[in-house]
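Asks: Kindly return the folded structure for what I paste below:
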Amino acid sequence: MFSFTDSDMFSRRCVWVNGPVIVGAGPSGLAVAAGLKDQGVPFVILERADCIASLWQKRTYDRLKLHLPKKFCQLPGFPFPEHYPEYPSKRQFVEYLESYAANFDIAPQFNESVVSAKYDEPCRLWRVKTTSGGAAAEEVEYICQMLVVATGENAERVVPEIDGLKDFAGEVIHACDYKSGENYRGKKVLVVGCGNSGMEVSLDLCNHDAKPSMVVRSSVHVLPREIFGKSTFELAMFMLKWLPLWLVDKMMLIFAWMILGNIEKYGLKRPTVGPLELKNRHGKTPVLDIGTLERIRSKEIQVVPGIKKFSCGSVELTNGENLEIDSVVLATGYCSNVPYWLQESEFFSKNGMPKAEFPNAWKGKAGLYAVGFTRRGLAGASADSVKISQDIAKVWKDDLKQKKQKVPTHRRCISTF
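Replies: Residues are numbered from 1 along each chain as shown. Next up is the predicted model:
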């Protein structure tokens, strides 16, 4: 059955996985794993960090809460506790994910970073090579028939090239390293980016008596988090059941104008495309305001245009103005890391996202699956995880029938060569 051709196969420990390998133990990977547990399919889940949901646990700011109501963020088969608030905090969401993993008996293999994954055509198998951290570093090659890419669209920080940034004498951090404004009291902080992270970091800095300036380089949709006491997202989803997307977009903007007023006079220009259409077409999420606009109106947060260049202790803006600043927070987003380790170009594009669009971007050829790339948050990841776990279960069980083998599903899922 096996015709291994790589000479380096015998220089590392090789593991045959009687089921899929899942790369990533964030919410998406956990959701697929839970579905496979329910179907009785064995699997191995690999995670480069030392915990589940490392993005949430290690690379988010303290004040973070879910932007959508909890019912749109829960994973399949496990609702949030009833006593949780409508918008759970970061800590509550992490506790929910830990309970989720415990409930389905999901035990990821931590500190294993995938360095490459390639489909072996002659063997019709995936070969996933990993390295483990720590003093006793070890190389392992996992061999499997199915591979689930669950590293998601936010695996790596995006740090833009900005003229003079290396010459700036103050602190420069990415938003993933920002925890609280406590250490910035009285300081002039430039926040680069005006998405949900940039808006919330600016608000948090303001709440800690810092003096934030927020760079708004392009147009942005800002919507109230709730409209008439209902979640904006929930209201939009309800209207889409009965109305075309373009009409829902127009109604959302009318409601936003009624509640928030004209935001363009504060330097926040709206895109010409509606918020839902922009999200569907380009994956750009509208900002849900939780108090930042009020601080912009009161001029406690200064909105500034694009950056021309940095110098030792200041920044020159595109309008010619110079700002003296102490620190910089880059709220410039994240990207997929798939191109760095997955040796495949038919299903994934160069930017690490599936070429197909939702809802058809969850399955490729030769047992390749993708979850967490829908640009539709936790709800999109949950929907895809159900499809993936059901499809894998069908393939796996059909394969067992064909081979007429009886394989215990949970006693042992890996074999070591």
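Asks: CA atoms for contacts and neighbours, from now on please.
Replies: Will do.
Asks: where along the stretch 301-417 of the chain do the strands fall?
Replies: Assignment of strands within the stretch 301-417 of the chain using DSSP state E, counting those that start in this stretch yields the ranges 302-304, 307-310, 314-317, 322-324, 327-330, 334-335, 368-370, 414-416.
Asks: Specify the stretch among those that is closest to residue 145.
Replies: strand 368-370 (8.9 Å; Cα to Cα).
Asks: Could you pull out the helices in the stretch 1-150 of the chain for me?
Replies: In order along the chain, the stretch 1-150 of the chain carries the following helices (DSSP state H, counting those that start in this stretch): 27-39, 54-58, 90-103.
Asks: In contact with the residue nearest the centre of the chain, which residues?
Replies: The structure's the chain has its C-alpha centroid closest to residue 154; by Cα atoms, centre = their mean the separation is 3.7 Å. Neighbouring residues of residue 154 by Cα atoms under 8 Å, 6 or more residues apart in numbering: 333, 334, 335, 336.
Asks: Check the strands of the stretch 301-417 of the chain for me and report the most buried one.
Replies: Highest mean neighbour count of the strands of the stretch 301-417 of the chain: strand 368-370, a mean of 24 (counted as mean count of other Cα atoms under 10 Å).
Asks: one step back: could the strands of the stretch 301-417 of the chain go into CSV alongside distance to residue 47 and mean pLDDT?
Replies: Formatted as CSV, the entries for the strands of the stretch 301-417 of the chain read as follows, by distance: least, Cα to Cα, whole Å; pLDDT from 0 to 100:
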stretch, distance to residue 47, mean pLDDT
strand 302-304, 39, 96
strand 307-310, 37, 95
strand 314-317, 39, 94
strand 322-324, 42, 95
strand 327-330, 26, 97
strand 334-335, 18, 94
strand 368-370, 16, 97
strand 414-416, 17, 50
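Asks: can you redo those strands as CSV with distance to residue 272?
Replies: Rendered in CSV, the data for the strands of the stretch 301-417 of the chain read as follows (distance: least, Cα to Cα, whole Å):
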stretch, distance to residue 272
strand 302-304, 20
strand 307-310, 23
strand 314-317, 24
strand 322-324, 30
strand 327-330, 26
strand 334-335, 24
strand 368-370, 32
strand 414-416, 53
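Asks: Minimum distance to residue 168: which of the ones you listed has it?
Replies: Using Cα to Cα, these put strand 307-310 closest to residue 168, at 6.2 Å.
Asks: which neighbours does that closest one have in its sheet, and in what orientation?
Replies: Looking at strand 307-310 with DSSP bridges, its paired strands and their directions are strand 314-317 (antiparallel).
Asks: contacting residues around the strand it pairs with?
Replies: If you take Cα under 8 Å, 6+ apart as the criterion, strand 314-317 is touched by 168, 304-310, 322-326.
Asks: The same query, at a cut-off of 7 Å, please.
Replies: Strand 314-317 has contacts (Cα atoms under 7 Å, 6 or more residues apart in numbering) with 305, 306, 307, 308, 309, 310, 322, 323, 324, 325.
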